[in-house]
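Asker: Just the structure for this:
(2 chains)
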Amino acid sequence: MTAETGRAAESTDDVEQAVQRFLAARTRTTWEPDRDLFTGGGLSSLFAMELVVHLEQTFGVVIAGTDLRLDNFRTVHAMTALVRRLRAGGGGD
Amino acid sequence: MAVVTERPEGPIALVGELVADRAGGWDLAGVLPVELLRELGAGGVLCAEVEAAYGGLGLTSRLNGELTACTGTLCGSVRSVMTSQGMAAWAVRRLGDRAQREDYLPRLTGGALAAVAFSEPDAGSDLSAMTTRIHRDGDAVVVDGGKVWVTGARYADLIVVFGRCGDGGAAVVVPAGTPGLTVRPVPDPLGCRAAGHAEIGLDSVRLPAGTLLGGAGQSLPLLVTSALSYGRISVAWGCVGILRGCLSAAAGHAGSRRQFGKPLAEHQLVARLLAELVVAEQTATRVCEHASDCWDAGSAELVIATVLAKHVSAGNAARGAASAVQVLASAAARDGHPVARAYRDAKLMEIIEGSSELCQLMLARHVLETV
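Answerer: Just a heads-up that it's a prediction; the model follows:
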């Protein structure tokens, strides 16, 4: 299910939609861009790690060090912002 | 089942040469020769996935799995130290910044030994109960608290300690000998008796800020899950090794010992134990291979596949080792025998890095999230 998202997603909209597609496929639920996955959505820290690996694989970024904050994965918007920042070269280290 | 598997022959030979048939003696003595561990470490085999740029062997998860299984067949205690060292290196690679990777990783592939400290007297599976605190004090960090069952801590030059930090979590690298750090070996553990399990005390341990991996404010559950995932796949492959050792010992005994005029293996109830053992070994191998392939492909499935591999392999090893003791009977019913050692070591594998029950809860939650 990662192949369809591909590495070609360039714009914010593309990243956001790719993240939403992954979440929908993985959880069988649709996620509004600002909905909290962990507090309101009840997803686990194990799932947060899946998100880390998925974003790395799909968007060709490395999420390490100080970027391993739950707030970076809390919503679709937060993940989109993280991916855009890392692609622009603003890694946590 | 004659599938030809690629194996890291050089590292496997190094472990084979240094461990040889000495594991039984180490188990009885409850201690490993630290110089031997340093030699293994300097050969890169204790954290074999570290990149060549840092002096590592750069093995894939799959190849490191085969190395871990081969080590696990020979000696559960050395394999436990390997799991700890690999987890420490993984934590540095994952949580540390570039300067920390350049500082620590060449040491971990150069003979320095490392351990990772998670559990506390009142916080095993329940991370929310963790009380060890890491706080900044000017240019320093100060660590207060205590940890239990830290595998390899008795031998470690560096201990990666997880704790609370501000509103989140952090990990800090504590060198042995730092004032305020105490290390007390656990007397007479049930299994992996020479793995150097210890309790550690941290009383106002003061360190330079550069020892704090990745700064602070990270999610403690996410940090621990990340580090433990490496530990789980390593333990899972170690269990494959236990099963291979038990299978070989049981087959050898059942094929050669004769009772009632024929080999034990021709007695059907014994033959069934051999069948169950090979099923256990093969299924554990397959789930480990799948999980490692997920790691090597960078697939998000690695997270749950690793929990599955750990759960299946540990349970299979515990049951398989019990079957092997049953086949060998009185021949293996004493401490010092490889199968008796496997039986004790395997039981511990159902407890560490997430007990079987915790693995089942994680698997059940995954079902609820996805199906």
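
Asker: Model confidence for B:Arg154, exactly?
Answerer: If you check B:Arg154, the pLDDT there is 98.

Asker: Next, the contact list for it, please.
Answerer: B:Val31, B:Val183, B:Pro185, B:Gly196, B:His197, B:Ala198 (Cβ atoms under 8 Å, 6 or more residues apart in numbering or on different chains). Backbone N, C-alpha and C define where each C-beta goes, glycine included.

Asker: Could you dump the residues you listed into TSV with pLDDT added?
Answerer: Below are the contacts of B:Arg154 laid out as TSV (pLDDT from 0 to 100):
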residue	pLDDT
B:Val31	98
B:Val183	98
B:Pro185	97
B:Gly196	98
B:His197	98
B:Ala198	98
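
Asker: List only buried entries from the residues you listed.
Answerer: B:Val31, B:Val183, B:Gly196, B:His197, B:Ala198 (16 or more other Cβ atoms under 10 Å in any protein chain shown).

Asker: Quickly check those for the two that are furthest apart.
Answerer: Greatest spatial distance among the buried ones among the contacts of B:Arg154 (Cβ to Cβ): B:Val31 and B:Val183, at 13.7 Å.

Asker: re the thing from before, and of the buried ones among the contacts of B:Arg154, the nearest to chain A?
Answerer: Lowest distance from chain A to the buried ones among the contacts of B:Arg154 (Cβ to the nearest Cβ) belongs to B:His197, with 25.8 Å.

Asker: Without its sequence neighbours, what residue ends up closest to that closest one?
Answerer: Distances taken as Cβ to Cβ, 6 or more residues apart in numbering or on different chains put B:Val186 closest to B:His197, at 4.2 Å, once the chain neighbours are dropped.

Asker: mind checking how far the one you found is from A:Asp14?
Answerer: Noted for B:Val186: a distance of 53 Å to A:Asp14, by Cβ to Cβ, to the nearest Å.

Asker: surely B:Ala322 meets B:Ala340?
Answerer: No. B:Ala322 lies out of contact with B:Ala340 (Cβ atoms under 8 Å); the separation is 11.0 Å.

Asker: More neighbours: which of these two?
Answerer: Remark: of B:Ala322 and B:Ala340, B:Ala340 carries more neighbours, 20 against 16, as counted by other Cβ atoms under 10 Å in any protein chain shown.

Asker: So the more buried one, which state does it fall into?
Answerer: helix (DSSP: H, G, I helix; E, B strand; the rest coil).

Asker: for it, what are its contacts?
Answerer: Contact analysis of B:Ala340 by Cβ under 8 Å, 6+ apart lists B:Val325, B:Ala332, B:Ala333, B:Arg334.

Asker: Can you tell me the SS state at the spatially most central residue of chain A?
Answerer: Nearest to the geometric centre of chain A sits A:Met79, at 4.0 Å (Cα atoms, centre = their mean). Assigned by three-state DSSP, the conformation of A:Met79 is helix.

Asker: Can you report how many residues lie near B:Ala114?
Answerer: 29.

Asker: Verify the stated contact: it with B:Val160.
Answerer: Yes. In terms of Cβ under 8 Å, B:Ala114 counts as a neighbour of B:Val160; the distance is 6.6 Å.

Asker: ok, whichever residue of the stretch 1-150 of chain B sits closest to chain A to B:Cys359 distance?
Answerer: Nearest to chain A in the stretch 1-150 of chain B, going by Cβ to the nearest Cβ, is B:Asp97, at a distance of 3.5 Å. In this view, B:Asp97 and B:Cys359 are 32 Å apart by Cβ to Cβ.

Asker: go on, B:Asp137?
Answerer: B:Asp137 is 39 Å from B:Cys359, where distance means Cβ to Cβ.

Asker: Of those two, which one has the most company?
Answerer: B:Cys359 (22 against 10).

Asker: on contacts alone, who are the packing partners of the helix or strand the more buried one falls within?
Answerer: Using DSSP states H and E, B:Cys359 maps to helix B:356-370. If contacts are counted by 3 or more Cβ pairs under 8 Å, 6 or more residues apart in numbering or on different chains; DSSP states H and E, helix B:356-370 sits against helix A:12-27, helix A:45-59, helix B:302-328.

Asker: how much does that helix deviate in direction from helix A:45-59?
Answerer: 60 degrees (axes from the mean of the first three to the mean of the last three Cα atoms, to 10 degrees).

Asker: and the residue nearest the centre of chain B, what pLDDT?
Answerer: Here the mean C-alpha position of chain B is nearest to the C-alpha of B:Thr83 (Cα atoms, centre = their mean), at a distance of 3.3 Å. We have a pLDDT of 98 for B:Thr83.

Asker: ok now the host helix or strand of it, how far from the chain's centre?
Answerer: Per DSSP H and E: B:Thr83 is located in helix B:76-95. Centroid separation between helix B:76-95 and its chain, computed with Cα atoms, centre = their mean, to the nearest Å, is 7 Å.

Asker: how about the very next helix or strand once past that helix: buried residues?
Answerer: For helix B:76-95, the following helix or strand on the C-terminal side (DSSP H and E) is helix B:98-108. If you call a residue buried by 16+ other Cβ under 10 Å, then helix B:98-108 has these buried ones: B:Gln100, B:Arg101, B:Tyr104, B:Leu105, B:Arg107, B:Leu108.

Asker: Spell out which parts of chain A neighbour chain B.
Answerer: A:2, A:26-28, A:43-54, A:56-57, A:64-66, A:68-70, A:92-93 (Cβ under 8 Å from any Cβ of the partner chain).
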